[in-house]
Every structure is written in structure tokens, then in C-alpha cells.
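> Pasting the sequence and the predicted coordinates here, then a few questions.
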Amino acid sequence: MKAVIVFAMLCGSVQGAVIQTAVNPANGHTYHLLAPYETNVNSWDAIRAEAFSLGGDLTSIQDAAEDAWIYSTFGPTALAAEPASNIKSLLIGMNDISTPWSWIDGAPVTYTNWVPTEPHSSVGDGEDYGGILLNFWEPGKWHDLRFESGDVVYAVVEVPEPSTLVMACFAFSGIAIVWRRR
Ligand SMILES: [Ca+2]
Ligand SMILES: [Ca+2]
């Protein structure tokens, strides 16, 4: 019984930072949408630490299909979430902190979806983080954003394999439902 309670707490603690989880049928990867971060309070490193704790990292987008799936799956949740902001973005795993725009997992940049005038900054000038626009400019397109701006970002974490903890939590929910029905 004690083990069950501990396990339930473990599932609960993960969901504390995660506001939505979905598996992309195209690649089998698990994606989490994290609770909002205000960029004047939270750092890029702090957000990545949260992603690492979930067994993944900020998403690396390989093609138009993955981009469209992420936007349609998580955009509505982020738009509806508090706090309200005129500038909301989904934070993705691309930056030009010290090199030209590159994915943090080292994947080649084969696909991008920038607003035509973006990214308009240079390497390491502050506007160094890629985001998918949600409620301003051209929603669905990408822009480069800066931390300390006060923008609200919703990080999209990609876990290469279906997360074992998430699957275990699903299994646990199933057991709990079956147990309740008895
Ligand atoms: Ca990916
Ligand atoms: Ca830049």
C-alpha cells in the first residue's frame, strides 16, 4: 500500500510541471508541454533542467509534419493557460547563443518555419532562442526571442522514447480504474 502511495505521488509530481502530454504517432516520441515560464524570471538553463528531469530536452523539429503536430497539439492549451499575455510562444530547442541557429540535440537544420523577416538577430545578441508564435504576428511561424523580455514561453519537451514514467503512470491509472470498478 505504501508503495502505491509513493508511486501515485511520483506521478503527481511530474504532472506538477507538465500541463499536457502527448505521443506523436509519426515518430513514437513523447512530448510534454511545461507550465508557463516568464522569461524575465526564468532562465533557458532552468527550463532545460526541467526537461532533463523528464528524460528529454526541448524539442528538435525535423520536418513540417512534426512542426504542425506540435503547434496543433500544444498551441490551444498554451493559449488557454494562465497567465494571460499578448506575447506567448512555444519554446523549442533551437538557439544561436554561440553558433548560427542550431538544434540543441545536434540534429542538422533541415527544416525551419521562420516568419519571413526572422530571425533578424545575430549570434549571441540576446535574441537567441527559437519560439513558435501563438497569439501575435503570424501564429504558427517561428521567431527569435530573448530572455529577460517578459514574454511568456511554454516549453515543448521531446522524449525520444515513450517516457517509461508516463507509461507507468498510464498503467497505474488503468489499474486504479479496474480496481475501482470491482
Ligand atoms: Ca523531433
Ligand atoms: Ca541571436
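That came in fine, so what should we check first? Ligands and ions are numbered 1, 2, ... in the order given.

> The protein: helices as residue ranges?
Taking DSSP state H, the helices of the chain run over residues 2-17, 44-53, 64-80, 164-181.

> burial count for the closest residue to H120 other than its chain neighbours?
Leaving out its chain neighbours, the residue that sits closest to H120 by Cβ to Cβ, 6 or more residues apart in numbering is D144, at 7.2 Å. Heads up, the C-betas are built off the backbone N, CA and C, glycines and all. D144 sits with 21 neighbouring residues when counted by other Cβ atoms under 10 Å.

> Is stretch 148-161 positioned near ligand 2?
No: judged by Cβ under 5 Å from the ion, stretch 148-161 stays clear of ligand 2, getting no closer than 12.7 Å.

> whoops, stretch 96-116 was the one
Yes: judged by Cβ under 5 Å from the ion, stretch 96-116 and ligand 2 are in contact via D96.

> Now that stretch: buried residues?
For stretch 96-116, burial by neighbour count (16 or more other Cβ atoms under 10 Å) applies to D96, W101, S102, W103, I104, N113.

> tell me which parts of the protein are close to ligand 2?
Contacts of the chain with ligand 2, taken as Cβ under 5 Å from the ion, map to D96, S121, D125, E127, D128.

> where among the helices of the chain is the average confidence lowest?
Ranked by mean pLDDT, the helices of the chain bottom out at helix 2-17, with a mean of 45.

> Number of residues surrounding the closest residue to T39 other than its chain neighbours?
Nearest residue to T39, sequence neighbours excluded (Cβ to Cβ, 6+ apart): F147, at 4.4 Å. Using other Cβ under 10 Å, F147 is surrounded by 22 other residues.

> can you pull the pLDDT of the nearest residue to E148 once chain neighbours are set aside?
Distances taken as Cβ to Cβ, 6+ apart place N40 nearest to E148, at 5.3 Å, with adjacent residues excluded. On pLDDT, N40 comes in at 71.

> can you count the residues close to N40?
Using other Cβ under 10 Å: N40 sits among 11 other residues.

> how about it, what does it touch?
When the contact criterion is Cβ atoms under 8 Å, 6 or more residues apart in numbering, the partners of N40 are F147, E148, S149, G150.

> for L145, same thing?
T39, S89, E127, Y129, G130, G131, D151, V153.

> can you pull the pLDDT of whatever residue of the chain ends up closest to ligand 2?
Across the chain, the shortest distance to ligand 2 (Cβ to the ion) belongs to S121, at 3.4 Å. pLDDT for S121: 81.

> Would you point out which residue is most central in this protein?
By Cα atoms, centre = their mean, the mean C-alpha position of the chain lies nearest to V156, the distance being 0.8 Å.

> Return the residues in contact with it.
Y31, H32, L33, L34, L58, T59, I70, F74, L90, L91, I92.
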